[in-house]
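Undergrad: Below are the sequence and a predicted model; questions follow.
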Amino acid sequence: MSSSKANELGAFLKARRTEVSPRSAGLPDTGTKRRVTGLRREEVALLASISTDYYTRLEQGRRQASAPVLNALARVLHLSDEERDYLFELAGKEAAKPRRRPAQKVQPALRRMLGELTSTPALVLGRRMDILAWNPMAEALLIDFSQLPEKQRNYAWLIFSDPAMRALHAADWKRVAHDCVAMLRMEAGHHPQDQRMAQLVGELSMLDDDFRRWWADHHVTARSRGSKTLRHPLAGELTLDWDALACVNDPEQQLVVWTAEPGTPSHDGLRILASWTTTGSTRQS
């Protein structure tokens with residue numbers, strides 16, 4: 001890439017970030033007066049999941065960008081298709097058209113299974129750990145999902161942002177939260193052009209120091225099975241096993257169920273929760 005194009009690329013990035021407000025980028029309003037118009041360099045870097053030094057060098061014309069980084073910057077800066085093509089042209093890269101992913105709808109078979117699970121907490125997780133549907137037992141165990149805005153119905157978001165979820169997972173919050181980051185990191189590697197994933201990661205990076213540090217560690221893991229200890233305000237301490245069962249028709253949807261060893265206090269605690277819920281209803285976003 002020529003020095004003139006590198007300088008033009010930097011000028012283009014700088015001009016575009018001044019046009020994106022923190023609110024439109026999904027960043028929290030800290031209430032402090034900002035000395036720059038639009039996004040700061042470090043905010044663009046966080047939202048694009050790159051280092052501030054990397055992005056600074058791009059704006060200064062001292063670094064070439066890869067196609068995945070250009071795609072991330074195009075999402076963060078809310079570039080139009082024409083602006084995105086221009087960005088790639090300045091960087092000397094061929095712009096592959098981003099694939100639009102249709103919104104997920106709960107698979108009928110998973111919905112039926114949720115309806116049958118009247119004494120076991122269960123929910124359906126989709127892309128980015130979005131909570132697509134849940135049964136009354138999951139609501140009794142975790143949180144009243146129906147009272148949350150759809151954007152906040154995301155397991156990772158709740159783990160890091162919701163005080164009640166933190167208190168519920170207090171026994172091993174760091175392990176659970178670290179696993180959430182590793183699961184998101186693996187999914188982000190499979191779908192580097194996922195705009196909603198980039199936004200979620202950017203928001204959590206600004207919200208929580210632990211998330212930002214763990215994301216930078218690049219640890220990955222798959223959603224499969226595990227165990228966790230919950231401190232439920234009504235059922236007491238519960239040690240539960242969880243399993244994530246992938247849907248054949250849509251592997252990006254998983255039925256996650258929590259169970260306890262029969263005859264244990266945790267199993268009795270789930271029975272208590274079951275007695276407090278109404279059977280036969282399934283909720284979904």
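TA: All right, it came through fine.
Undergrad: C-alpha only now, for contacts and for neighbours.
TA: Noted.
Undergrad: so residue 16 is in which element?
TA: helix 3-17 (DSSP states H and E).
Undergrad: Alpha carbons of the helix or strand following that helix, in CSV - could you do that?
TA: Where DSSP H and E defines the elements, the next helix or strand beyond helix 3-17 is helix 41-47. Output of helix 41-47 as CSV, limited to C-alpha atoms (Å, rounded to 0.1, in the frame of the first residue of the first chain):
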residue,chain,number,x,y,z
ARG,A,41,-9.4,5.9,19.3
GLU,A,42,-9.4,3.6,22.3
GLU,A,43,-13.2,3.2,22.0
VAL,A,44,-13.0,2.3,18.4
ALA,A,45,-10.2,-0.2,19.2
LEU,A,46,-12.3,-1.8,22.0
LEU,A,47,-15.4,-2.1,19.8
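Undergrad: pLDDT below threshold where in the stretch 51-200 of the chain?
TA: Low-confidence segments of the stretch 51-200 of the chain (pLDDT under 70): 95-101, 192-193.
Undergrad: next one: the helix holding residue 16 to chain centre, how far?
TA: 30 Å (Cα atoms, centre = their mean, to the nearest Å).
Undergrad: Contacts for that helix, please.
TA: With contacts defined as Cα atoms under 8 Å, 6 or more residues apart in numbering, helix 3-17 is touched by 38-40, 44, 58-64, 77, 87, 90-91.
Undergrad: now stretch 103-120
TA: Under Cα under 8 Å, 6+ apart, the answer for stretch 103-120 is 122-124, 126, 132-138, 247, 249-250, 253, 255, 257-259, 270-271, 274, 279-282.
Undergrad: Can I get it in CSV? Just the C-alpha atoms.
TA: Below are the C-alpha coordinates for stretch 103-120, written out as CSV (Å, rounded to 0.1, in the frame of the first residue of the first chain):
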residue,chain,number,x,y,z
ALA,A,103,-32.7,-13.6,12.9
GLN,A,104,-32.9,-16.8,14.8
LYS,A,105,-36.3,-18.3,15.7
VAL,A,106,-36.7,-21.1,18.2
GLN,A,107,-36.9,-24.5,16.5
PRO,A,108,-40.3,-26.1,17.0
ALA,A,109,-38.7,-29.3,18.5
LEU,A,110,-36.8,-27.3,21.1
ARG,A,111,-40.0,-25.3,22.0
ARG,A,112,-41.9,-28.6,22.5
MET,A,113,-39.1,-30.0,24.7
LEU,A,114,-39.2,-26.9,26.8
GLY,A,115,-42.9,-27.3,27.3
GLU,A,116,-42.3,-30.9,28.5
LEU,A,117,-39.6,-30.0,31.0
THR,A,118,-41.8,-29.0,34.0
SER,A,119,-39.5,-29.9,36.8
THR,A,120,-36.1,-29.1,35.2
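Undergrad: buried set for it?
TA: By neighbour count on 16 or more other Cα atoms under 10 Å, the buried set for stretch 103-120 is 106-107, 110-111, 114-115, 117-120.
Undergrad: Kindly indicate which of these lies nearest residue 227.
TA: Here the nearest of the buried residues of stretch 103-120 to residue 227, counting by Cα to Cα, is residue 120; it sits at 14.9 Å.
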